[in-house]
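# for reference, the sequence and a predicted model appear below.
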Amino acid sequence: MDRRSFLGAGLGLAGLAALGHSAALDEGFRPLFNGKDLTGWVPVNVAPETFSVRDDMIISTGKPTGVMRTDRQYENFILELEWRHLIAGGNAGLFVHSDPLPYPGVPFTRGIEVQILDGQETKDYTSHGDIFGIWGATMKPDRPHPGGWMRCLPSEKRSKAAPEWNHYKVISNNGVLKLEVNGKEVSGAFECSPRKGYLCLEAEGSECHFRNLRIKELPSTNPTEAQTAALANGLVSIYSGLDLRGWKVESGHVGHWKASDSILSYDGKSEANDKNLWTEKNYRDFRMIVDWRLPGPPVPKPRAVVLPNGDEAVGADGKPKTVIIPYAGDSGILIRGSGKAQINITCNTVGSGELYGYRTDKTLPDSIRAGGIPKVNADKLPGEWNRFEITLKGERLTVVLNGQKVINEAQLPGLPAHGPIGLQHHGDPLQFANLFVEALN
């Protein structure tokens, strides 16, 4: 689709003619940044100080790696902004049609990225306005990539090196995206999906400045649900990426539970009396998302065969029945300060999400014990990222693992009415990412 037909599809011939006049270009634009504070923007998985305002600019420290998004979604629009890097080789980005939360295990959201990069040039990527889909978003580049990537390389080099300012104009219409760099169109894509979602500014390691952000919305072309990003809800990050603020850090935790940019790492060797890591805040009912993985090398290990009533099977000889599986470690998510209320993270026969403390409590009715057994083993292979979606209401717990419901409203009798959330020590290395909580009461 050429530029005339692209704009005409959304604006009509009269609107196209109007765009030829500089006065008309200003009509309908509104600021995306008021120059004073970050009203209209929401930090997603970064520290409060990652994005700030100074001298009519949005300042990104670049640390930790993550994003700040708009407080609402956009579909068809003309977006203008200016950006500059402060150091050579700096990296950042503008995400278009983005989901509100990061993709499992990474600090980036699904969306279309408009690259904001300085001084890095290869045959596969440039610093002059590449466009590409990330983490499940799809698009077709205007020109085939030399390596067959889903990435549009710019037609010419127009970006200015740090610390000079650059101007981007991004035009989105009906799944077609165009980028002008310093006054000339250089990149584009079509059949973008999603084609409606949030706008994000990306922090990726180095200081970057943004100013003069403004947007003009164009008429909707009615995207389907599948073409629209997920909607934001009340989930708020409880991990800053820079340190362990918001968590109870005992002296014995230091050097073992560590903030490692977007990943919260644990080496399994805390020297604290209570080796679990607990939130400072107490929660009653809540919804939580947490990504996790067992990074250790898997080794063959016998694991118990669990019966439907929660017992562990034994053979005719009275010995436990076991299955050899690749084992890489053990941990869990602890709720309301209870060690018994453990949502298991481990390599076993029934899969993670098991409520081990309730499943093995033979004083409880079989129906309650059975409710603590995952309905399906939804774990990914050791070393891969997994995502828990946990919902606790009263004494009822539901756990979704990697999109599959593994625990469905299990009853947890005796669970405290409130308490902190914990990441369990079990002597094994663990990594967590994308920790979000929404209080439901």
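Received, thanks.

# which residues sit in contact with the residue nearest the centre of the chain?
Of all residues in the chain, the one closest to the mean position by CA atoms, centre = their mean is residue 102, 1.2 Å from it. Going by CB atoms under 8 Å, 6 or more residues apart in numbering, residue 102 touches 44-45, 66-67, 108-109, 433-434. For every residue, glycine as well, the C-beta is placed using N, CA and C.

# tell me how far it lies from residue 260.
Taking CB to CB, to the nearest Å as the measure, residue 102 falls 16 Å from residue 260.

# now residue 318
Taking CB to CB, one finds residue 318 at 47 Å from residue 260.

# which of the residues in stretch 257-271 are buried?
In terms of neighbour count (16 or more other CB atoms under 10 Å), stretch 257-271 has its buried residues at 257, 259, 262-266, 268, 270.

# mind putting these into CSV with pLDDT and secondary structure?
Shown next, in CSV, are the buried residues of stretch 257-271 (pLDDT from 0 to 100; DSSP: H, G, I helix; E, B strand; the rest coil):
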residue, pLDDT, secondary structure
257, 98, strand
259, 97, strand
262, 96, coil
263, 98, strand
264, 98, strand
265, 97, strand
266, 97, strand
268, 96, coil
270, 96, coil
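
# now the two most distant members of those residues.
Farthest pair in these (CB to CB) is 262 and 270. Separation: 21.3 Å.

# show me the domain layout of this structure.
Under automatic domain parsing, the residue ranges defining each domain of the chain are 3-231, 237-439.

# least confident of the ones you listed, on average?
Here the lowest mean pLDDT among these goes to domain 3-231, at a mean of 91.

# what comes up buried for the helix or strand harbouring residue 367?
For residue 367, the host element (DSSP states H and E) is helix 366-371. Of the residues in helix 366-371, 368-371 count as buried by neighbour count, 16+ other CB under 10 Å.

# quick one: which of those residues is nearest to residue 117?
Proximity to residue 117 was ranked across those by CB to CB; first place goes to residue 371, at 50.5 Å.

# ok, for the closest one, nearest residue in space, not its chain neighbours?
In this structure, residue 371 finds its nearest non-sequential neighbour in residue 410, 3.8 Å apart by CB to CB, 6 or more residues apart in numbering.

# where do the strands of the stretch 51-200 of the chain begin and end?
Using DSSP state E, counting those that start in this stretch, the strands of the stretch 51-200 of the chain run over residues 51-54, 57-60, 66-70, 77-85, 91-98, 111-117, 131-134, 138-141, 151-152, 166-173, 176-181, 184-193, 198-203.

# make a markdown table out of the ones you listed and add distance to residue 399 and mean neighbour count.
Converted to a markdown table, the strands of the stretch 51-200 of the chain look like this (distance: least, CB to CB, whole Å; neighbours: other CB atoms under 10 Å):
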| stretch | distance to residue 399 | mean neighbour count |
| --- | --- | --- |
| strand 51-54 | 33 | 14 |
| strand 57-60 | 35 | 22 |
| strand 66-70 | 25 | 24 |
| strand 77-85 | 39 | 21 |
| strand 91-98 | 27 | 25 |
| strand 111-117 | 27 | 25 |
| strand 131-134 | 28 | 22 |
| strand 138-141 | 30 | 18 |
| strand 151-152 | 37 | 26 |
| strand 166-173 | 37 | 21 |
| strand 176-181 | 38 | 23 |
| strand 184-193 | 30 | 20 |
| strand 198-203 | 27 | 27 |
